[in-house]
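Engineer: following is a predicted model, sequence given first.
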Amino acid sequence: MRRRSAVLALPLLLALDSAPAVDAPGTKRLSHAALRRSLPHVLTKERIRVFYATEGEHAVTADDLNQNDIPDQAEDVLIQTRAAWRLWASLGFADPLTTPRYQGSRWLDVHLLSRKTLGSNGVAYDEIQRFGREGEPKGAGSLCFDVATSVKAPANLTPAHELFHILQNSVCFLKNRWFTEGTARWSEAALGRGGLPAGLKPAAWPPADDALQDVFAGAYDTARSYWGPLLALEDPGGRLPEERLPQDLKEARYINGERVLKDFDLTGWQFIGELLQALDAADDLIQRERGLGRWPEAEQFSPANNAVIHRVVTEVVARRRSSRR
């Protein structure tokens with residue numbers, strides 16, 4: 001569930017082939033782009049493409065319950081990715097392929113690769129990638145994330161988690177992990193059960209100054225320590241608006257028949273939507289203040305961003321509470 005800047009991927013990075021890296025005498029490792037181009041099979045639904053292999057190191061599981069000659073694992077990854085995308089779109093979140101940063105990208109590409117290669121369950125990339133696959137228009141770009149072949153979507157929300165990183169990247173250049181991973185972990189509840197981490201109880205917010213330092217050093221754990229308590233206070237009802245959800249999303253099922261959308265609980269979705277909009281404006285201001293032409297990685301992960309993100313969060317809180325008076 002890491003995020004990387006790389007020079008390659010599908011709707012999300014500018015990919016150029018570099019020379020194959022040499023692992024040891026007599027062996028060669030494919031470049032980032034070449035490895036992903038080497039996946040021989042593709043499953044497409046609308047603007048989402050899932051690339052996979054059925055043989056070799058990166059082979060997916062061969063199970064095919066519906067006997068359509070497509071591995072269930074690849075189908076389930078596509079089903080979950082599309083459901084998450086449909087959900088966020090129905091709630092008014094940005095469409096990554098049409099935001100100013102990524103406009104012109106044609107696809108969201110998902111690559112199924114071995115966990116040994118990825119080093120984690122999933123990796124999202126934050127630049128437009130151009131693989132130059134056979135049959136694609138010249139220069140066509142895409143956004144992309146990778147999912148490990150050890151992931152089985154009905155029991156694992158990695159595709160939905162990585163999709164949320166794509167959504168974050170499409171509107172905000174700030175990548176401090178307590179924000180990106182904390183809210184991406186929260187986003188898993190959209191297709192999971194329950195709107196907040198199990199057992200979480202509302203707490204006083206904001207955290208004390210000394211506690212904030214621990215928050216800023218965190219990542220996934222901030223879904224419980226920072227975001228959970230805040231969202232519980234901001235959205236005690238914690239429900240999705242069922243009337244806004246597409247019927248096909250409500251009825252979506254994995255190949256084994258299990259529902260994709262487990263319930264209608266998602267605490268704080270409106271707040272997170274407003275926060276992403278506010279951060280979209282804030283990083284434009286930061287870019288001007290710091291005199292940045294582009295956003296170098298060091299600035300995207302800079303500790304100086306921590307106070308900015310927290311300040312924007314408190315501003316959104318204050319604005320929402322003022323509007324409720």
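Structural biologist: Yep, that arrived. Numbering: from 1, shown residues only.
Engineer: next up, the contacts around His111.
Structural biologist: Leu10, Arg36, Leu39, Val50, Phe51, Tyr52, Cys144, Phe145, Asp146, Val147 (C-beta atoms under 8 Å, 6 or more residues apart in numbering). Quick note: C-beta positions are derived from backbone N, CA and C, even for glycine.
Engineer: same check on Asp280?
Structural biologist: Val171, Cys172.
Engineer: from Cys172, how far out is it?
Structural biologist: 6 Å (C-beta to C-beta, to the nearest Å).
Engineer: ranges for the strands of the stretch 51-200 of the chain?
Structural biologist: 105-113, 122-125, 141-148 (DSSP state E, counting those that start in this stretch).
Engineer: between strand 141-148 and the first one, find me the angle.
Structural biologist: Note on geometry: by axes from the mean of the first three to the mean of the last three C-alpha atoms, to 10 degrees, strand 105-113 and strand 141-148 are set 20 degrees apart in direction.
Engineer: quick one: low-confidence parts of the stretch 1-150 of the chain?
Structural biologist: Scanning the stretch 1-150 of the chain for pLDDT under 70 picks out 1-28.
Engineer: next, Arg49: phi, psi?
Structural biologist: Backbone torsions for Arg49, taken as degrees, to the nearest 10, come to phi -130, psi 130.
Engineer: my guess is it contacts Val110, does it?
Structural biologist: Yes. Counting by C-beta atoms under 8 Å, Val110 is a contact partner of Arg49 at 7.0 Å.
Engineer: more neighbours: which of these two?
Structural biologist: Per other C-beta atoms under 10 Å, whichever of Arg49 and Val110 has more neighbours is Val110, with 27 against 22.
Engineer: residues in contact with that one?
Structural biologist: 10, 48-51, 77-78, 81, 144-147, 159.
Engineer: what subset of those residues is buried?
Structural biologist: 10, 48-51, 77-78, 81, 144-147, 159 (16 or more other C-beta atoms under 10 Å).
Engineer: okay if I get those as TSV plus distance to Pro71?
Structural biologist: Shown next, in TSV, are those (distance: C-beta to C-beta, whole Å):
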residue	distance to Pro71
Leu10	19
Ile48	16
Arg49	15
Val50	10
Phe51	12
Val77	10
Leu78	11
Thr81	15
Cys144	20
Phe145	19
Asp146	17
Val147	13
Pro159	15
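Engineer: of the contacts of His111, which is the nearest to Leu91?
Structural biologist: Phe145 (20.3 Å; C-beta to C-beta).
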